[in-house]
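Colleague: Have a look; sequence and predicted model below, questions after that.
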Amino acid sequence: MDGVEGPWVLRGNFDLTFSGSVTAIPRGPESRYFSYIMGIRRNFIPRNRRAAPYFDVRLGFGNIDAKGPAGVPYAQGQDLTFTVNLGSGVRYNLNPRYAISAGLNFMHILNLDLSESNGKPNWGFRNYGINVYGPMVGIDVPLRRHRRYSE
């Protein structure tokens, strides 16, 4: 989104990120989660280095195989969900066009109590939310052309 700038330790730029997520849920009533997520990533770019640490914050929505309407305890109340992601890691620039990244990620899945009513006043099926944390890997490709000059 912007050029590389800032003092020595804070030198870097911001990226607008778009991503899809396929998450397997190994324990619990649900088994899978698909989502679309977008947000902002801050890259900390040291001079003359290929590796750049980053921190990002992303928000999105998704689809889960909710088991709450079927009466399964501690399950999600509906298939439509929302996602909050926080992550940190390192991006390694292979060349000006492609990079790989690896880091740790925390994801919270919720439905804001928008599920269908279960007969109780003022709310639908009880939604407990899901917290997911673990490693994340990716391939980064910019959507605009690389500038020919170095900053």
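Modeller: That came in fine, so what should we check first?

Colleague: Please tell me I have it right and residue 34 contacts residue 19.
Modeller: No - Residue 34 is beyond contact range of residue 19, at 11.8 Å (criterion: Cβ atoms under 8 Å). Placement of C-beta: from N, CA and C, glycine included.

Colleague: element containing the residue nearest to residue 112 when sequence neighbours are not counted, please.
Modeller: In space, and not counting its chain neighbours, residue 112 is closest to residue 82: 6.2 Å by Cβ to Cβ, 6 or more residues apart in numbering. Assessed by DSSP states H and E, residue 82 sits inside strand 80-93.

Colleague: show me the contacts for residue 89.
Modeller: Counting by Cβ atoms under 8 Å, 6 or more residues apart in numbering, residue 89 makes contact with 53-54, 101-104, 136.

Colleague: so where's the protein shaky on pLDDT?
Modeller: The chain contains residues with pLDDT under 70 at 1-9, 115-127, 144-151.

Colleague: thinking again about what came up before, touching, the residue nearest to residue 112 and residue 109? I think so.
Modeller: Yes - between residue 82 and residue 109 a contact is recorded at 7.5 Å, counting by Cβ under 8 Å.

Colleague: The two: which has the busier surroundings?
Modeller: residue 109 (23 against 16; other Cβ atoms under 10 Å).

Colleague: Quickly note the distance from that one to residue 28.
Modeller: 11 Å (Cβ to Cβ, to the nearest Å).

Colleague: So for these two, which residues contact both of them?
Modeller: When contacts are counted by Cβ under 8 Å, 6+ apart, the set common to residue 109 and residue 28 consists of residue 130.

Colleague: ok, the closest residue to residue 37 other than its chain neighbours - how many residues close by?
Modeller: Excluding the flanking residues, the one nearest residue 37 by Cβ to Cβ, 6+ apart is residue 60, at 3.4 Å. Neighbourhood size, residue 60 [other Cβ under 10 Å]: 20.

Colleague: Quick check, residue 60 in contact with residue 80.
Modeller: No - in this structure, residue 60 is not within contact of residue 80 by Cβ under 8 Å, at 11.8 Å.

Colleague: in what helix or strand does residue 58 lie?
Modeller: Going by DSSP H and E, residue 58 is part of strand 51-64.

Colleague: List the buried residues in that strand.
Modeller: Neighbour-count burial for strand 51-64, counted by 16 or more other Cβ atoms under 10 Å, picks out 52, 54, 56, 58, 60, 62, 64.
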